[in-house]
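> Need the 3D shape of this:
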Amino acid sequence: MGQGDIDLEDIDGVGPKTAQLLRSKGILSVRHLALFNPEELIELTDMTPDRVEKILRSAREAVFGTNRVSRATDLAKNLENTIRLKTNVRAIDELLQGGLEPKAIYEFAGEFGTGKTQLCHQLAVTVQLGQDRGGVGGAAVYLDTEEAFSPSRIINIARRFDLDPNEALDNIYVIKVVNAADLEDRIKLDVVKLIEQANVKLIIVDSIIALYRAEFRGRERLAERQQRLNYILDWIMRIAKAYNVYVVLTNQVLDVPMGYIEVKRPAGGNVLAHAVTHRLFLKKSREDIKVMEVLDSPRLPYKASAMFRITDRGVEDV
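Sure thing, here's the model as predicted:
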């Protein structure tokens, strides 16, 4: 039985009053409820631990079933038949073995001006295309932490793909994020609501690290920063897996001393490195050429790369 077949009231332990409480806290569906862990739901609702355990177990069974054991052969087939979201830059899509896969987190790390935000804008448009053109016919949610979102860029990219610019803008939900706590709230509540009610298929966070670096300053707050960062990344992955959506995060870089030279590395330390599925490093090459290189991935070859350029029309092949 899927979440579309049942209401909150149908879950064991949830009566009309509890359902009303959950909805008042922003939990509108059984699938959304199933993403929470007991501690989170107790904090949100003040219900007793025993009751919360019972409700969440029932919600998980209703959404995900009781038998979740799969043969590896079935998983391999599923991966093969996965619908890929293309950037419509041939070199990048080939590097990504056909485009972005759902239920995974893609990280675009790089210095300013390497094309991270430009790629996010392009994906926010290409996700709206039909499957025959590399899209999935869905909308995008763009969590903007650095005031980087540009409607004029979307208009230019939309025209390139023969989409009505106003319709393209209408299908992108921009959330201006105030601080790290706000980012966490928006992802746990608003993003899920948009996926359920507005056909959002792509989550973009541009950038994931900026707020945490700014707010948790100093070595004495590093552990706290990493815990909070780990928490929001875990939530993003919960959503990606439960709703079969695509996720892209952008990340800043640090200069790390390596002997006599400094090497640029993605910020966020081991927490971010372990949480993302595919880690891609963007850098400048000659003139207007940029390079995307695989830093870490379970399926993409290490150090494989693709070249691209940024034009008035968006991101294009060289």
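> all contacts plus neighbour counts: C-alpha atoms, from now on.
Will do.
> can you give me the offset of the helix or strand of the chain with the lowest mean pLDDT from its chain's centre?
For the chain, the helix or strand with the lowest mean confidence is strand 253-258, at a mean of 81 (criterion: mean pLDDT, DSSP states H and E). With Cα atoms, centre = their mean, to the nearest Å as the basis, strand 253-258 stands 26 Å off its chain's centre.
> Stretch 255-274 now?
Here the centre of stretch 255-274 is set off from its chain's centre by 22 Å, with Cα atoms, centre = their mean.
> what's in contact with stretch 189-198?
Counting contacts by Cα atoms under 8 Å, 6 or more residues apart in numbering, the residues outside stretch 189-198 that touch it are 26-28, 32, 139, 141, 200-201, 203, 239, 243.
> out of the residues you listed, who's nearest residue 48?
Residue 48 has its nearest neighbour among the contacts of stretch 189-198 in residue 27, at 17.7 Å by Cα to Cα.
> Quick one: the helices in the stretch 51-200 of the chain, in order.
72-80, 90-95, 116-126, 151-160, 165-170, 180-185, 192-197 (DSSP state H, counting those that start in this stretch).
> any chance of these in JSON lines, plus mean pLDDT?
Shown next, in JSON lines, are the helices of the stretch 51-200 of the chain (pLDDT from 0 to 100):
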{"stretch": "helix 72-80", "mean pLDDT": "88"}
{"stretch": "helix 90-95", "mean pLDDT": "98"}
{"stretch": "helix 116-126", "mean pLDDT": "98"}
{"stretch": "helix 151-160", "mean pLDDT": "97"}
{"stretch": "helix 165-170", "mean pLDDT": "98"}
{"stretch": "helix 180-185", "mean pLDDT": "94"}
{"stretch": "helix 192-197", "mean pLDDT": "96"}
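> Point out the most buried one among those.
Across the helices of the stretch 51-200 of the chain, averaging neighbours per residue (mean count of other Cα atoms under 10 Å) puts helix 116-126 on top, at a mean of 25.
> If you count contacts, what does that one end up packed against?
Using 3 or more Cα pairs under 8 Å, 6 or more residues apart in numbering; DSSP states H and E as the contact test, the elements touching helix 116-126 are strand 104-110, strand 139-144, helix 151-160, strand 200-206, strand 246-251, strand 314-317.
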